[in-house]
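Asker: turn this into a model:
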Amino acid sequence: MTTNWNTRLAVSFKPSGAASVIISPINAFEFNFEKNISVIHSIDAHNIGVSHGNPGYTLNFEVPALNVAVFRKIIDVAVKGAEFSIGLATGNGMPDDWVLDSIEFKDCYVNSASQSADNSGGAPVLKISGICLDMSFADSGNVLTTNHTVGASGNLS
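Answerer: Below is the predicted model of the structure:
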């Protein structure tokens with residue numbers, strides 16, 4: 001099986017109550033979701049089921065200080081502790097090789113930010129780590145949304 005990946009993904013940043021902007025350029029974007037599922041044991045038997053804990057959603061991204069307007073919006077949200085949303089989708093005009101149309105991270109907050117600069121002559125880089133209270137996946141009009149209890153509603157299959 002040969003895989004050709006011709007798609008470029010775009011990351012959008014939306015401060016609460018403001019318009020969405022594309023983060024460009026962006027050095028890296030990473031997200032993680034943990035379902036926190038544990039095995040249930042009893043004094044009579046082991047491995048009798050599972051317990052669903054609270055899910056956790058985190059994201060990390062790095063932005064160079066080349067797009068001043070976007071860079072300032074991200075710093076503003078980080079310093080104020082304000083809510084924001086992040087969208088990850090196929091870039092406009094790009095082939096759709098990705099398995100999804102979009103992922104949306106909602107009700108996000110920065111829990112750490114660091115900025116680095118050096119003598120190389122390159123732009124300073126802002127590194128953001130955040131948490132999200134909700135996320136959803138979408139493809140071809142189908143949406144899978146977390147339901148804050150066990151699993152999600154919707155269907156992508």
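
Asker: list the buried residues in the helix or strand harbouring residue 138.
Answerer: Using DSSP states H and E, residue 138 maps to strand 125-139. For strand 125-139, burial by neighbour count (16 or more other CB atoms under 10 Å) applies to 125-126, 128, 130, 132, 134-139. Backbone N, C-alpha and C define where each C-beta goes, glycine included.

Asker: other residues contacting the helix or strand containing residue 72?
Answerer: Using DSSP H and E, residue 72 sits within helix 68-80. Helix 68-80 is contacted from outside by 13, 15, 18, 21-24, 63, 65, 82-84, 110, 113, 126, 128, using CB atoms under 8 Å, 6 or more residues apart in numbering.

Asker: now do 6 Å
Answerer: Identification of contacts with helix 68-80 by CB atoms under 6 Å, 6 or more residues apart in numbering yields 15, 21, 23, 65, 84, 110, 113.

Asker: what's the average pLDDT for that helix?
Answerer: Averaging pLDDT along helix 68-80 gives 92.

Asker: could you point out the helix or strand that follows it?
Answerer: Using DSSP H and E, the helix or strand that directly follows helix 68-80 along the chain is strand 84-90.

Asker: and that following strand with helix 68-80, angle?
Answerer: 140 degrees (axes from the mean of the first three to the mean of the last three CA atoms, to 10 degrees).

Asker: strands of the chain, residue ranges please.
Answerer: 9-15, 21-22, 28-34, 37-40, 49-52, 56-64, 84-90, 102-116, 125-139, 142-146, 152-154 (DSSP state E).

Asker: in CSV: those, plus mean pLDDT.
Answerer: Output for those, formatted as CSV (pLDDT from 0 to 100):
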stretch, mean pLDDT
strand 9-15, 93
strand 21-22, 92
strand 28-34, 91
strand 37-40, 91
strand 49-52, 88
strand 56-64, 93
strand 84-90, 92
strand 102-116, 93
strand 125-139, 91
strand 142-146, 77
strand 152-154, 64
